[in-house]
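> test case, fold it:
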Amino acid sequence: MTPPPRPLRIGNASGFYGDRFDALREMLTGGPLDVLTGDYLAELTMLILGRDRAKDPARGYATTFLRQLEDTLGLAMERGVRLVTNAGGLNPAGLADAIRELAERLGIGCRVAHVEGDDLLGTRDWGPGVVTANAYLGGAGITACLRGGADVVVTGRVTDAALVTGPAAAHFGWAADDWDALAGAVVAGHILECGTQATGGNYSFFVEHDVRRPGFPLAELHPDGSSVITKHPHTGGAVTVGTVTAQLVYETAGARYPGPDVTARLDSVRLAQDGPDRVRVHGVRGEAPPRTLKTGLTRLGGHRNEVVFVLTGLDIEAKAALVRDQMEGAMSKRRPAEVRWTLSRTDHPDAAVQEEASALLRLVVRDRDPAAVGRVISGAAVELALASYPGFHVTAPPGKGSPYGVFEAVETPADAVPHTAVLPDGSRLPIPPAPAPPTTSASPTTPAAGGPVDELPLPPPLPPGPTRRAPLGAVAGARSGDKGGSANIGVWARGEDAWRWLAHTLTVDRLRELLPETAELNVTRHPLPRLRALNFVVDGLLGEGVAAQARFDPQAKAVGEWLRSRHLDIPEVLL
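Model prediction:
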């Protein structure tokens with residue numbers, strides 16, 4: 001009897017462009033690996049790379065990865081670790097060539113391949129101001145490159161999870177319609193993609209672990225798509241059901257998690273502690289992917305400027321009203337298209353420290369005309385220095401304004417995107433879209449994607465009993481993030497009784513009460529009972545996306561912690 005293939009050990013060494021530089025070396029030297037991935041792309045990153053490419057067509061990729069390889073490429077080749085990264089950004093061919101040049105200069109034998117076809121900028125008129133237009137590809141191109149003998153695979157815009165599904169399919173020989181196995185790899189990829197967020201970083205209960213320098217995560221993937229999430233020994237942080245749950249609900253929505261390889265059913269995911277710093281992920285079911293690919297457009301939305309006035313001591317409201325009236329008068333001749341005032345009452349009465357006696361009044365202006373938000377705003381603010389409220393000062397010298405970006409997601413037919421694997425020998429292999437689901441009656445492993453989801457039943461509510469006013473975070477964790485102009489807030493309970501209470505208490509109406517900024521926005525609640533979690537999607541909270549910097553926390557990273565700080569009546573038995 002042939003033994004099953006051994007688990008595939010896939011690590012992650014980057015969760016974003018700017019992550020810990022030494023992580024690549026740490027992961028290569030910390031323990032055995034088969035594949036090491038690096039995620040460098042985000043919606044804002046694509047805009048940055050697009051502006052780089054506009055200045056120099058040879059650029060457009062994440063140069064950090066190339067610098068990291070200076071002293072790690074030889075190490076990876078010696079240890080037989082394959083490298084898979086989306087650092088190619090808008091120019092994967094350019095980065096692949098640069099890696100070949102680096103390997104030749106260092107005298108290292110290295111076969112480099114890349115994946116292209118996601119860049120759709122020149123394929124049609126996307127409208128005014130569009131800087132980048134990229135379809136989110138799946139992992140099949142990566143699979144082809146690895147099967148073609150590549151040691152390093154460079155991609156452009158693929159889904160974050162594709163960095164895991166591609167190597168897994170190559171290793172285990174999965175077919176394109178092995179939905180359950182692929183879905184398991186997608187879930188593992190989603191857990192790994194943000195690096196140390198899976199090992200205790202940005203974790204609500206961070207005081208329970210030493211997270212001063214958390215280690216990067218890795219997954220031991222099995223032939224059926226199940227996995228164990230862990231990290232190298234003797235590295236910081238922790239891998240627990242809680243840290244993994246936190247990452248699972250990050251930047252997701254409902255039960256279905258659609259992607260170009262497969263639609264993963266998040267309501268099927270089961271987690272179990274499998275030992276110290278080991279969490280088993282199993283039971284994941286998959287469905288056929290959509291017939292379209294998400295395509296991210298970034299464009300220049302206009303120009304913005306910001307002035308933050310510091311208001312100290314007494315009469316904060318009156319001081320704010322005075323300077324606001326003065327600035328509104330200065331803007332009356334040519335008012336910017338958008339003017340937003342926010343007053344943050346960070347001041348405390350009878351404060352022993354001046355900063356604690358101060359509130360912040362923020363003025364943000366936007367307009368397509370840079371002149372409307374430039375010196376006319378800065379000059380007006382400066383002129384008030386000796387003519388406004390007592391104690392007048394600002395947090396930084398007013399500037400001339402800067403351009404801001406806007407992100408938009410549209411759908412493109414999958415068969416209209418020229419997904420191509422460029423193998424180490426230079427040959428080009430077209431990658432077909434994922435197969436459509438069967439037209440016959442669906443079986444549990446080949447369901448018809450996109451149909452209604454039968455929600456799992458919620459547990460019975462807790463019986464009535466005494467309550468105490470306390471913060472939600474006393475019994476629940478949360479993590480929040482951005483998706484275009486929307487924000488997601490994942491909230492989970494750490495025990496069955498807490499889940500019974502949370503599932504029936506934290507409704508959409510209650511969320512709106514606790515977070516008044518969401519009161520006028522569309523909010524959707526998605527229960528995930530197997531994770532003891534609720535996921536809320538708040539449409540429009542971030543305006544036109546991260547690059548537009550529409551609010552104080554433009555990526556919604558701390559909205560979950562704001563929610564945890566809000567007080568409500570909690571059963572004493574939970575406290």
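> all contacts plus neighbour counts: C-alpha atoms, from now on.
Fine.
> who's in contact with stretch 467-483?
Residues from elsewhere that reach stretch 467-483 (C-alpha atoms under 8 Å, 6 or more residues apart in numbering): 202-205, 246-247, 249-251, 487-494, 498, 542, 545-546, 555-561, 563-572, 574-575.
> ranges for the strands of the stretch 101-250 of the chain?
112-116, 130-135, 152-154, 217-221, 227-231 (DSSP state E, counting those that start in this stretch).
> do you know which of the ones you listed lies nearest G173?
Of all these, strand 217-221 sits nearest to G173, with 13.1 Å by C-alpha to C-alpha.
> from D160, how far off is G545?
G545 sits 19 Å away from D160, taking C-alpha to C-alpha, to the nearest Å as the criterion.
> tell me which residues in stretch 367-381 are buried?
367-368, 370, 372-375, 377-378, 380-381 (16 or more other C-alpha atoms under 10 Å).
> with stretch 118-133 instead?
Neighbour-count burial for stretch 118-133 [16+ other C-alpha under 10 Å]: 118-120, 130-133.
> for the residues you listed, which one is nearest L429?
Nearest member of the buried residues of stretch 118-133 to L429, counting by C-alpha to C-alpha, is D118, at 14.5 Å.
> which residues touch the closest one?
Here D118 is in contact with 134-137, 156-158, 417-419 (C-alpha under 8 Å, 6+ apart).
> rerun that using 10 Å as the cut-off
Counting by C-alpha atoms under 10 Å, 6 or more residues apart in numbering, D118 makes contact with 89-90, 133-137, 155-158, 293, 295, 417-420.
> next step: those residues restricted to helices.
Under the assignment DSSP state H, these contribute nothing to helices.
> just the buried ones among the residues you listed, please.
89-90, 133-137, 155-158, 293, 295, 417-420.
> which of the helices and strands in this protein ranks last by mean pLDDT?
Counting by mean pLDDT, DSSP states H and E, the weakest-scoring helix or strand in the chain turns out to be helix 43-55, with a mean of 89.
> who's in contact with that helix?
With contact meaning C-alpha under 10 Å, 6+ apart, helix 43-55 is reached by 16-17, 40-42, 56-62, 88-91, 130-134, 156-157, 296-300, 404-408, 482-484, 545-548.
> weed out the non-buried ones from those residues.
For these, buried by 16+ other C-alpha under 10 Å: 16-17, 40-42, 59-62, 88-91, 130-134, 156-157, 296-300, 404-408, 482-484, 545-548.
> going by distance to D325, which of the buried residues of stretch 118-133 wins?
Nearest to D325, judged by C-alpha to C-alpha, of the buried residues of stretch 118-133 is V130 at 36.6 Å.
> tell me which element the residue nearest the centre of the chain falls in.
Central residue of the chain (C-alpha atoms, centre = their mean): E251, 5.8 Å from the mean position. Using DSSP states H and E, E251 sits in no helix or strand.
> next SSE after the strand or helix carrying A470?
Assigned by DSSP H and E, A470 falls within strand 467-471. Once the chain leaves strand 467-471, the next helix or strand it forms, by DSSP H and E, is strand 476-483.
> what about that following strand, average pLDDT?
If you average the pLDDT over strand 476-483, you get 95.
> one step back: now, the contacts of stretch 467-483 that are in strands?
Mapping the contacts of stretch 467-483 onto strands (DSSP state E) picks out 487-493, 567-571.
> what's the first helix or strand after the least confident helix or strand of the chain?
Helix 43-55 is succeeded, C-terminally, by helix 63-69 (DSSP H and E).
> what's the helix or strand following that next one packed up against?
The element immediately downstream of helix 63-69 (helix or strand, assigned by DSSP H and E) is helix 73-78. The elements that helix 73-78 packs onto, with contact taken as 3 or more C-alpha pairs under 10 Å, 6 or more residues apart in numbering; DSSP states H and E, are helix 23-30, helix 63-69, strand 82-85, helix 92-106, strand 152-154.
> just the buried residues of helix 73-78, please?
Under the neighbour-count criterion of 16+ other C-alpha under 10 Å, helix 73-78 has 73-74, 76-77 buried.
> please save the CA atoms from it in PDB.
Provided in PDB are the C-alpha atoms of helix 73-78 (Å, rounded to 0.1, in the frame of the first residue of the first chain):
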ATOM      1  CA  LEU A  73      18.600  33.300  -2.100                       C
ATOM      2  CA  GLY A  74      21.600  30.900  -1.700                       C
ATOM      3  CA  LEU A  75      20.200  29.800   1.600                       C
ATOM      4  CA  ALA A  76      16.800  28.900   0.100                       C
ATOM      5  CA  MET A  77      18.400  27.000  -2.800                       C
ATOM      6  CA  GLU A  78      20.700  25.100  -0.400                       C
END
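> which residues touch that helix?
So helix 73-78 is contacted by 24-25, 27-29, 33-36, 66, 69, 72, 80-83, 99, 102-103, 106-111, 151-152 (C-alpha under 10 Å, 6+ apart).
> quick one, which of these are buried?
Buried members of the contacts of helix 73-78, scored by 16+ other C-alpha under 10 Å, are 24-25, 27-28, 33-36, 66, 69, 72, 81-83, 99, 102-103, 110-111, 151-152.
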